[in-house]
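> Here is a sequence with its predicted model. Questions after.
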Amino acid sequence: FTEDLRPLWRGRYVLPYFDADGRAVYAIARETAPKHPEDFLAGKYGKLAHTKDYVTSEEPIYGLDTVEPGDPVLITEGIADAITAHEAGYPCISPVTKQFKQKHHDVLLEALDERDVDRVYLIQDAERPTSNVDDRDRLTLQQFGEGVKGAVKTAAYLDEHGLEARVAELPRPGLEKVDLDDYLHGWSDDLTPLLAGAKPVDQHPAYDADTAKDVALEGAEASTITTDAVDTDGDHSALFDLTIRDVTGLSEGYRGPNPLGHHGESENYCVLLGDHGVLYDHKYKAAYNALTYLLVDAGERRPASPNGRLEDGEVFAAWRHAKREGCIPDDDPIPHRALQYVAREHGLMEDGDLMDGWKLPREAYNAALATVRDEYGVAPRRGDISAGEREHTAVLPAAVRDLT
């Protein structure tokens, strides 16, 4: 709404997103053609302002309710295309925008894994590639449009994590853009020929070594936990401050075998990329940051697939391994996420027992510290809480309060 409480979305189609219980949790507004006289917004789509502090909704993945266990799934560019695919009988999901953002990759992968999906087809709009002229009048023509590039990048991520990802291309006989909605309404409601011609992502002409590297670097960045928040006594774990050089002992500019295990015949396939803060393996097409390197070294993750959202148990494993290897001091305190994992794993608490959504009750807190000492042989370096006290941590912003 505007300041005078007039709706921002006027003269537009409003497309709601529903959760598993049928409740509307998100919405976008699409302009009409021709544009409605009451519509004063620019752009084809208007989205919910989910980044504002007063908005609690997150960008969802549309169409997950159409996915059947074990069946192939279509991934397309927009909600309108997905709706048309649903009407034609195809399971189809879509991001809010043209392509899935990096922060959604783990959510997408988890959703597909939960439904036992092992093959996906990415179908983006067929549109003219962009071109630009620089200040010296040099013309650059892109071979592929942004939609295809985004599809290939998402497919490369899914392929890296064990799914069969294929890229299907819509026909474009002229200069006009063709999307999945156009194809199903104007060409055929049978996608069999289109899907039969879909290419595995690593065989698509838009896929190259840079694509794989970009996916790996983005994955490493998304697998990093960082926080500026500290406890009231300044007592926070140094685990999250470690760099790739801290955990590998390698010098800037290193190029050689993978310290996590040499593979292949060449000797110079692994390189330390200081600007990105990662170790990159050209053969695996995998990038390791400090935390994921520790997890692979500890046997918690595979060298060829190190990245992804860190679970609480993995934070605990990384902290223990970092202590064992001398990467962090002996007096480093256990991260709160790791302590919560110990409490849950040993039946000392339930998730509903957390106070304010993240603080351990006193009994569970003290018992978890004792378990770390007695069962794992590691000094947690946090003191017990006496009767009447609560877990002595600062009130942190929601985005970071469980990371220290």
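Looks like it came in fine.
> Let me see the ranges of the strands in this structure.
12-18, 24-31, 45-47, 73-76, 92-93, 119-124, 131-133, 139-141, 164-169, 199-200, 255-256, 270-273, 278-281, 286-288 (DSSP state E).
> any chance of those in a markdown table, plus mean pLDDT, distance to Asp297 and mean neighbour count?
Just so you know, the C-beta spots here come from the backbone N, C-alpha and C atoms, and that holds for glycine as well. What follows is those, written out as a markdown table (pLDDT from 0 to 100; distance: least, Cβ to Cβ, whole Å; neighbours: other Cβ atoms under 10 Å):
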| stretch | mean pLDDT | distance to Asp297 | mean neighbour count |
| --- | --- | --- | --- |
| strand 12-18 | 85 | 41 | 15 |
| strand 24-31 | 85 | 40 | 17 |
| strand 45-47 | 79 | 41 | 16 |
| strand 73-76 | 94 | 34 | 26 |
| strand 92-93 | 92 | 35 | 25 |
| strand 119-124 | 93 | 31 | 24 |
| strand 131-133 | 63 | 44 | 9 |
| strand 139-141 | 62 | 43 | 8 |
| strand 164-169 | 92 | 29 | 21 |
| strand 199-200 | 92 | 31 | 14 |
| strand 255-256 | 92 | 17 | 13 |
| strand 270-273 | 92 | 14 | 20 |
| strand 278-281 | 92 | 11 | 25 |
| strand 286-288 | 91 | 9 | 30 |
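> who wins for proximity to Asp181 among these?
Between Asp181 and these, the shortest separation by Cβ to Cβ is 8.9 Å, and it involves strand 73-76.
> Tabulate the strands of the chain in CSV, adding columns for distance to Asp374.
Output for the strands of the chain, formatted as CSV (distance: least, Cβ to Cβ, whole Å):
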stretch, distance to Asp374
strand 12-18, 48
strand 24-31, 44
strand 45-47, 51
strand 73-76, 47
strand 92-93, 46
strand 119-124, 46
strand 131-133, 64
strand 139-141, 64
strand 164-169, 46
strand 199-200, 51
strand 255-256, 41
strand 270-273, 39
strand 278-281, 35
strand 286-288, 32
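> which residues touch the closest residue in space to Phe18 that isn't next to it in sequence?
Leaving aside its sequence neighbours, Phe18 sits nearest to Ala24 (Cβ to Cβ, 6 or more residues apart in numbering; 5.8 Å). With contact set as Cβ atoms under 8 Å, 6 or more residues apart in numbering, Ala24 has these partners: 16-18.
> returning to that earlier point: do you know which of the strands of the chain lies nearest Arg245?
Closest to Arg245 of the strands of the chain, according to Cβ to Cβ: strand 270-273, at 7.2 Å.
> contact partners of that closest one?
217, 244-245, 248, 250-259, 278-282, 287.
> which residues in the stretch 151-300 of the chain form helices?
180-186, 192-196, 209-222, 244-248, 290-297 (DSSP state H, counting those that start in this stretch).
> Now do the longest one: which elements does it pack against?
What it means is helix 209-222. Applying 3 or more Cβ pairs under 8 Å, 6 or more residues apart in numbering; DSSP states H and E, one finds that helix 209-222 contacts helix 102-114, helix 146-160, strand 278-281, strand 286-288.
> at 10 Å what do you get?
Taking 3 or more Cβ pairs under 10 Å, 6 or more residues apart in numbering; DSSP states H and E as contact, the helices and strands that helix 209-222 lies on are helix 102-114, helix 146-160, strand 270-273, strand 278-281, strand 286-288, helix 290-297.
> tell me which residues of that helix are tucked away?
211-220, 222 (16 or more other Cβ atoms under 10 Å).
> Check what pLDDT Tyr254 gets.
Here, the pLDDT recorded for Tyr254 equals 94.
> picking that back up, could you dump the buried residues of helix 209-222 to a markdown table with distance to Gln124?
Output for these, formatted as a markdown table (distance: Cβ to Cβ, whole Å):
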| residue | distance to Gln124 |
| --- | --- |
| Thr211 | 15 |
| Ala212 | 19 |
| Lys213 | 21 |
| Asp214 | 17 |
| Val215 | 17 |
| Ala216 | 22 |
| Leu217 | 22 |
| Glu218 | 19 |
| Gly219 | 21 |
| Ala220 | 25 |
| Ala222 | 22 |
